[in-house]
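>>> Sequence below, structure please.
(one chain, ligands or ions: 2)
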Amino acid sequence: MKIVAADVIVASPGRNYVTLKITTDSGSHGLGDATLNGRELAVVAYLREHVCPLLIGRDARRINDVWQYLYRGAYWRRGPVTMTAIAAVDCALWDILGKETGRPVHELLGGAARDGVLVYGHASGQTLDELTDDVAHYLELGYRAIRVQAAVPGLDSTYGLHHPGTGHTYEPADGAAPADNVWHTPAYLDFAPQMMAAVRERHGYGFHLLHDVHHRLSPLEAAQLGKSLEPYRMFWIEDPTPAEDQEAFRTIRQHTTTPIATGEVFNSIWDCQTLITERLIDYIRTSVSHTGGITHLRKIFDLAALYGVRTGSHGAGDLSPVSFAAALHLDLTVPNFGIQEYMGHLDPAGEVFRTSYTFQDGYMRPGDAPGLGVEIDEEAAARYPYSPKYLPVNRLRDGSMHDW
Ligand code: KDG
Ligand code: MG
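Ligands and ions are numbered 1, 2, ... in the order given. From the prediction side, this is the model:
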């Protein structure tokens with residue numbers, strides 16, 4: 001079964017998505033998500049100029065060999081651009097294998113190890129009243145796990161809040177240049193326990209509570225935060241410190257029992273090797289489309305299983321429905337599954353991507369359609385041309401750059 005075409009589709013139905021479509025001489029096609037938020041065209045160029053030409057004529061069934069060829073065969077390897085491109089190829093090949101064999105990808109991965117995938121939704125608010133109302137909304141929808149973020153008093157902008165008018169979806173990429181945000185750690189550290197107290201006081205302890213710090217603290221500040229949140233029995237705090245410094249997590253670990261999750265900016269098993277093998281984290285959050293696809297993420301999850309680290313994959317709206325479906329198929333099969341982020345996709349994304357996954361009572365299921373179970377309507381995609389958008393940057397009050 002030879003690959004005869006590899007096409008890159010760039011569209012902006014609500015936000016930018018890059019989709020790779022691989023076609024075989026047997027008439028099958030498969031999809032992979034190649035979206036890298038705010039750096040979309042870098043992946044498009046890597047695919048079009050360097051990867052797609054190498055795919056033509058290869059056997060689509062040799063998923064492992066294609067992966068190794070694109071990773072090990074490249075002298076300049078790793079990094080988000082390369083690994084997102086490889087992920088798109090990998091997911092598209094799993095999709096093709098599923099379609100050719102008439103089976104959903106989770107069956108090809110060894111079959112379901114659970115009946116459903118526990119997901120967490122995103123509640124936020126400009127005030128604590130707005131936040132606790134939003135938590136009520138997610139509880140009514142049936143969510144059993146909810147991430148909470150609220151505007152930090154004294155800061156003009158805060159990470160993770162819904163844009164007014166976008167319903168319940170958070171979208172940080174905006175404008176043709178990065179917005180300048182201002183960050184102040186003391187204000188945040190004072191506010192975070194008040195936020196969790198307000199949520200637990202109104203809604204109790206009958207659901208999982210999560211929070212994303214988004215890489216902003218030093219190890220000792222993160223340890224202080226973890227300690228101050230212990231009474232609220234967090235499911236996790238996410239990305240407490242800039243994630244590339246794996247050693248930093250030792251300090252956090254020594255001081256608090258609040259569980260730690262990280263990994264959405266990682267691209268390979270090497271990025272989290274120390275974190276996993278030294279049990280410095282509780283959840284590994286790497287995503288299927290920024291970490292080399294199903295083939296590589298599976299290896300990370302297997303390593304994590306050896307050390308009692310559970311999975312908690314990134315599932316923001318800037319990963320397309322193709323990526324989300326791939327995540328659900330893998331989640332369903334891994335023994336050490338923990339939780340899956342689910343932010344959803346706003347219309348008109350639903351006009352472009354037809355999905356077969358479902359949500360019920362806080363759990364999601366990928367469905368039994370052959371392959372990944374997502375199709376793209378290319379005519380609809382053409383109605384939504386690419387529009388450049390940037391993620392914000394962070395500065396401290398004195399003007400110096402800080403992690404966003
Ligand atoms: O593109 C950046 C987003 O994916 C990120 O800000 C979302 O941190 C995020 C999360 O946990 O969903
Ligand atoms: Mg995050």
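>>> and the residue nearest to the spatial centre of the chain, helix, strand or coil?
Centroid-nearest residue in the chain: His314, 2.3 Å away (criterion: CA atoms, centre = their mean). Secondary structure state of His314, per DSSP: H, G, I helix; E, B strand; the rest coil, is coil.
>>> Isn't it up against Thr286?
Yes. If you go by CB atoms under 8 Å, His314 and Thr286 touch, sitting 7.1 Å apart. Yep, even glycine has a C-beta here, placed from its N, CA and C like the rest.
>>> residues shared between the contacts of the two?
Any residue near both His314 and Thr286 by CB atoms under 8 Å, 6 or more residues apart in numbering counts here, and that gives Gly263, Glu264.
>>> where do the strands sit along the stretch 101-250 of the chain?
Assigned strands in the stretch 101-250 of the chain, in chain order: 117-125, 145-150, 180-183, 208-212, 236-238 (criterion: DSSP state E, counting those that start in this stretch).
>>> Off-centre distance for stretch 231-242?
Relative to its chain's centre, stretch 231-242 lies at 17 Å (CA atoms, centre = their mean, to the nearest Å).
>>> What lies in contact with it?
120, 145, 147, 193, 196-197, 199-200, 205, 208-215, 217-219, 222, 225-226, 229, 248-249, 252, 258-262, 264-265, 282-283, 285, 312, 339, 403.
>>> repeat that for 7 Å
For stretch 231-242, the surrounding residues in contact (CB atoms under 7 Å, 6 or more residues apart in numbering) are 145, 196-197, 200, 205, 208-215, 217-219, 222, 225-226, 229, 248, 252, 258-262, 264, 282-283, 285, 312, 403.
>>> Can you get me a residue count around the residue in the chain that ligand 2 sits nearest to?
Here the chain gets closest to ligand 2 at one residue, Asp212, 4.3 Å apart by CB to the ion. Burial measure for Asp212: 23 neighbouring residues, criterion other CB atoms under 10 Å.
>>> ok, it - contacts?
When contacts are counted by CB under 7 Å, 6+ apart, Asp212 touches Arg147, Gln149, Gly160, Glu238, Asp239.
>>> Same list, those residues, but as a markdown table with pLDDT, neighbour count and distance to ligand 2 please.
A markdown table is the format used below for those (pLDDT from 0 to 100; neighbours: other CB atoms under 10 Å; distance: CB to the ion, whole Å):
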| residue | pLDDT | neighbour count | distance to ligand 2 |
| --- | --- | --- | --- |
| Arg147 | 98 | 24 | 9 |
| Gln149 | 97 | 23 | 10 |
| Gly160 | 93 | 18 | 8 |
| Glu238 | 98 | 25 | 5 |
| Asp239 | 98 | 22 | 5 |
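>>> Which one of these is nearest to Trp67?
Asp239 (27.1 Å; CB to CB).
>>> Grab the nearest non-local neighbour of the residue of the stretch 1-150 of the chain found nearest ligand 1.
Nearest to ligand 1, among the residues of the stretch 1-150 of the chain, is Asn37, at 3.4 Å (CB to the nearest ligand atom). Distances taken as CB to CB, 6 or more residues apart in numbering place Asp318 nearest to Asn37, at 4.0 Å, with adjacent residues excluded.
>>> Need the three-state assignment for Ile281.
Ile281 ends up coil, using three-state DSSP.
>>> Now for it, how many residues are close by?
Neighbours of Ile281 using other CB under 10 Å come to 28.
>>> got the contact list for it?
Here Ile281 is in contact with Phe249, Ile260, Ala261, Thr262, Leu275, Val309 (CB under 7 Å, 6+ apart).
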